[in-house]
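Engineer: Requesting a structural model of the entry that follows:
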Amino acid sequence: MYSPEKKIVSSVKRFPINKHKKLWLIFDEITREYHCPEYTAVIIGSDTASARLKEIGEHFLTNQKKFQHSYLEIAGKFLLFIIDHIEQTLTVVNDRLGLFQGYYYVEDQRVIVSSSLKAVKSSAQSDFAINQQAIFNYMYFHCIPSPTTIYQDVFKLEPGKSITIDSNQNKSEKVLYAPYFTEVADDSSALERECLNVIEGAVADNLSKNCGAFLSGGLDSSTVSGMLAKHHTPARTFSIGFEAEGYDETPYAKITANHFNTQHEVLYLEPEQAAEAFVTVAQYFDEPFGNSSSMATYFCAKFAKEHGVDTLLAGDGGDELFAGNERYAKQKQFELYYRLPSPIRALMNATLNNSVMSGIPGVSKASSYVRQAEVRLPTRLQSYNFINIVGLEEMFTPAFLSKVDVNQPIEQLGQRYKESSGEHPVDNMLYLDWKFTLADNDLVKVNKMCELAGVDVKFPLLDKALIDFSCKVPAEVKLPGYQLRDFYKKACRGFLADETLDKPKHGFGLPFGVWLKENATLKNIALDALQQFKARNIVSESLINKALDAHDSVHAGYYGELIWIMVVLELWLQGNESN
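Structural biologist: Numbering: from 1, shown residues only. Model (predicted):
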C-alpha cells in the first residue's frame, strides 16, 4: 500500500516578506524562481511560465491588467507566488480551474503555503481545531468547497482567484479568471471540426512515457482514449467493473477499446477488496471527502500502476465544458419562466396557488413548476439536496446547528454564480460547476487517489486551449433545446463508435449500498463507525437509525450514499484529529 506519509513534506523553502515575516513554502514539486530587489516571483507546476517569471512580476508591480493577462496565458496546473518587497505583501494564486490546490495559514511570523493541508498542519506551531462550519458544508456538498477547510483559520485557494496578505495580516482577494462566453456562433459546423483538433492537441500535449488512460466507456474517457490511440500504439486503457446490476459499465468500455484497438485491462472490484481499503482511502484525503467513486478511482489507478503505467489520462471536464449534466437541461426548462413579463408571472402564481384551482387536472403540476421556478439559480439547483429534503432540524442536532451558519453553502454558490460573466444560465451553471463539481470535488478525488496509487494524472479535457475553445461555443449550440452534449456528440460522430455516442450517461459509481447489505466486513466497519459518529452529536441519532433501516428496506443505493458520507467523515476524524 502506498504510504500517505511519503507525500507530507518533501521540501521547505523560506522567502522573506519583510524583516519580521517569512513565507514558508512546502511543496512536492520543483519550484522556479525569479528574484530582484522589488519582488520575488515563484511558481510550482507549469513549465510554460518559468521563462516569464520576470515579466509576470514586473506586470504585477506596474500594471494589474497586464498581470492578469500574463496570468491567463499560463497553461497547466500551478501555484504562483509574488512577494512585493516594496509594499511588503504576499500574493498567491493557483490555476484557473484549481487543478493545483493550495492551502495557506497565517501565524505570528509566518505564512505557510502548500498543496498539502497535512503539510501545513505538520509545519505550523499552533494546534489546529476542527472547523464545525466545514463539517456542515461537508454534509451539504459531500466535500468541503474552498475557501473553507476542515481546520479553523486555515484556508484554501479558490480557482482563478488571487489572495493578497499584507504585513498586518489583512487579506484581499481578486477574481483573475472569469471567462467570456460567446453568445452567437456564425458557423457551428466549423466549430465541430475545430473541436476534435483542439482535443487531439490537448491529449498530445499531455502525453508522457508509460502513459495510459482511464476508460469508463463514457464520452469523455472514450475520446481521450481514442486520441491516445492516435499517438501511442497500442494505447493502454483501464476500467473497473462491478458484479452489481446497474453499476457495471465495462461492456461500453470494451466497445471503445475494440473501436480503437487499445490494450485494454479490466479489474472487477470485489466488496472485500473495498472493505480492506476503506479506512485507508477515507483517511488519505487532506479533508473529509464523501465522493464514493473515489474507491473505484483508487483501484483503477492502482491496477494501472501494477501494469507498468506511470501516468494516467483522465476524462474529467467534458460534461462541465460542453453541457453534459442533466441538471443543465432541467434548469433550462425552469428558466423559461423568466421570459414571461413579471405581471403575467404574478398572475400565474396567484391563480395556480388558489385552493379553488387545485382540484382541476393539470393545475397541480403547473403549480409545482411555478413554485420551483420562483426559486432563483443557483439556489434552485439544491432543491434535491438531501438536507433540504429531510430538513435541518430532522438531520442535525440542535447543539450542532447552534455552531454553524446554515446559509453559508448557498452563499458560496451564489458568490461564484455572480462572478460569472455569462449571459446565459447554462454558461453560468458551467462556470459554477468548474469550481464546485471539478475543483472542489472530482479533481480532488482523481488527484488524491492517483497519488495514493503512486501514479501521476493529467486532465487533457481541462487543457487551457480546450477551455478557451469551449467558451467560443454558445450555450444554445452546446445544449440546443434539452439535448445534452449535442455539439460534442456531433463533433465526435465518426470518431467515436455510434454505440458510445448513443449510450445513456453513467459514471464511475460504486455499489456501496448494495455491498453493505451483502458483505459482513464492510457492514461491520460502517456500523462501528456510525456508532462512534453518534457520540459526536452532529447528525441526530434518529436520522442515522432511519438511514440504516431505510437502506435495508427501502433503497440500498440512495441511503447507502448517505451512510457512506457519514462513515467517511467519522473515519477521517478518527485518523486525523490527533495527528
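Engineer: just the strands in the stretch 401-550 of the chain please.
Structural biologist: 456-458 (DSSP state E, counting those that start in this stretch).
Engineer: where in it is pLDDT low?
Structural biologist: The model of the stretch 401-550 of the chain has pLDDT under 70 over residues 506-508.
Engineer: Do you have the helices of it handy? List them.
Structural biologist: Residue ranges of the helices in the stretch 401-550 of the chain, as given by DSSP state H, counting those that start in this stretch, are 408-419, 425-433, 443-453, 464-472, 475-478, 486-492, 498-502, 512-518, 520-534, 541-553.
Engineer: got these as CSV, with distance to residue 186 columns?
Structural biologist: Placement of C-beta: from N, CA and C, glycine included. Shown next, in CSV, are the helices of the stretch 401-550 of the chain (distance: least, Cβ to Cβ, whole Å):
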stretch, distance to residue 186
helix 408-419, 28
helix 425-433, 18
helix 443-453, 34
helix 464-472, 11
helix 475-478, 11
helix 486-492, 15
helix 498-502, 25
helix 512-518, 48
helix 520-534, 55
helix 541-553, 53
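Engineer: Of all those, which one comes closest to residue 257?
Structural biologist: Closest of the helices of the stretch 401-550 of the chain to residue 257 is helix 498-502, at 10.8 Å (criterion: Cβ to Cβ).
Engineer: Packing partners of that closest one?
Structural biologist: helix 219-231, helix 250-260 (3 or more Cβ pairs under 8 Å, 6 or more residues apart in numbering; DSSP states H and E).
Engineer: Might you calculate how far the helix or strand following the longest one sits from the centre of the chain?
Structural biologist: In other words, helix 219-231. Going down the chain from helix 219-231, the next helix or strand is strand 236-241, by DSSP states H and E. Chain-centre distance of strand 236-241: 22 Å, with Cα atoms, centre = their mean, to the nearest Å.
Engineer: Partner strands of strand 236-241 and their direction?
Structural biologist: When pairs are called by DSSP bridges, strand 236-241 turns out to pair with strand 211-214 (parallel), strand 263-268 (parallel).
Engineer: Can you tell me what sits against it?
Structural biologist: Strand 236-241 has contacts (Cβ atoms under 8 Å, 6 or more residues apart in numbering) with 211-217, 225, 228, 248-250, 253-254, 256-257, 262-269, 296, 299-300, 303-304, 307, 309, 312, 508.
Engineer: circling back to that earlier point, pipe the helices of the stretch 401-550 of the chain into a markdown table and attach mean neighbour count and distance to residue 560 per row.
Structural biologist: Converted to a markdown table, the helices of the stretch 401-550 of the chain look like this (neighbours: other Cβ atoms under 10 Å; distance: least, Cβ to Cβ, whole Å):
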| stretch | mean neighbour count | distance to residue 560 |
| --- | --- | --- |
| helix 408-419 | 17 | 23 |
| helix 425-433 | 23 | 24 |
| helix 443-453 | 23 | 18 |
| helix 464-472 | 19 | 34 |
| helix 475-478 | 22 | 33 |
| helix 486-492 | 22 | 31 |
| helix 498-502 | 14 | 29 |
| helix 512-518 | 20 | 2 |
| helix 520-534 | 17 | 9 |
| helix 541-553 | 15 | 6 |
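Engineer: Which one of those lies nearest to residue 322?
Structural biologist: The nearest among these, by Cβ to Cβ, is helix 486-492 at 4.1 Å.
Engineer: Show me what that closest one is packed against.
Structural biologist: helix 188-205, helix 219-231, helix 318-322, helix 475-478.
Engineer: tell me the mean pLDDT for the longest one?
Structural biologist: Right, the one you point to is helix 188-205. For helix 188-205, mean pLDDT rounds to 95.
Engineer: Next: the second one.
Structural biologist: The average of the pLDDT scores along helix 219-231 is 98.
Engineer: go on, stretch 253-267?
Structural biologist: Rounded mean pLDDT across stretch 253-267 is 98.
Engineer: How many residues are close by the spatially closest residue to residue 441 that is not a sequence neighbour?
Structural biologist: In space, and not counting its chain neighbours, residue 441 is closest to residue 143: 4.9 Å by Cβ to Cβ, 6 or more residues apart in numbering. Residues lying near residue 143 (other Cβ atoms under 10 Å) number 22.
Engineer: So residue 143 lies in a helix, does it not?
Structural biologist: No - counting by DSSP: H, G, I helix; E, B strand; the rest coil, residue 143 falls outside a helix, being coil.
Engineer: before we move on, the earlier item: now render the helices and strands packed on helix 498-502 as TSV, adding distance to residue 431 and mean neighbour count.
Structural biologist: Shown next, in TSV, are those (distance: least, Cβ to Cβ, whole Å; neighbours: other Cβ atoms under 10 Å):
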stretch	distance to residue 431	mean neighbour count
helix 219-231	19	25
helix 250-260	30	20
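Engineer: Quick check: which of the ones you listed is nearest to residue 117?
Structural biologist: By Cβ to Cβ (comparing all of the helices and strands packed on helix 498-502), the closest turns out to be helix 219-231, at 28.4 Å.
Engineer: what angle do the closest one and helix 188-205 make?
Structural biologist: Using axes from the mean of the first three to the mean of the last three Cα atoms, to 10 degrees, one finds that helix 219-231 and helix 188-205 are set 60 degrees apart in direction.
Engineer: got the contact list for helix 219-231?
Structural biologist: Contacts for helix 219-231 (Cβ under 8 Å, 6+ apart): 199-200, 203-204, 207, 211-215, 235, 237, 253, 256-257, 259-262, 313-319, 324, 460-461, 485, 488-489, 492, 495-497, 500-501.
Engineer: Compute the inter-axis angle for it and helix 250-260.
Structural biologist: 30 degrees.
Engineer: Let's see helix 219-231 as CSV, backbone CA atoms only.
Structural biologist: C-alpha atoms of helix 219-231 as CSV (Å, rounded to 0.1, in the frame of the first residue of the first chain):
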residue,chain,number,x,y,z
LEU,A,219,-18.0,10.1,-24.0
ASP,A,220,-15.1,11.8,-22.3
SER,A,221,-12.9,8.8,-21.3
SER,A,222,-13.6,7.3,-24.8
THR,A,223,-12.5,10.5,-26.5
VAL,A,224,-9.3,10.7,-24.5
SER,A,225,-8.6,7.0,-25.1
GLY,A,226,-9.2,7.4,-28.8
MET,A,227,-6.8,10.3,-29.1
LEU,A,228,-4.2,8.5,-27.0
ALA,A,229,-4.5,5.6,-29.5
LYS,A,230,-3.7,8.0,-32.4
HIS,A,231,-0.3,8.8,-30.7
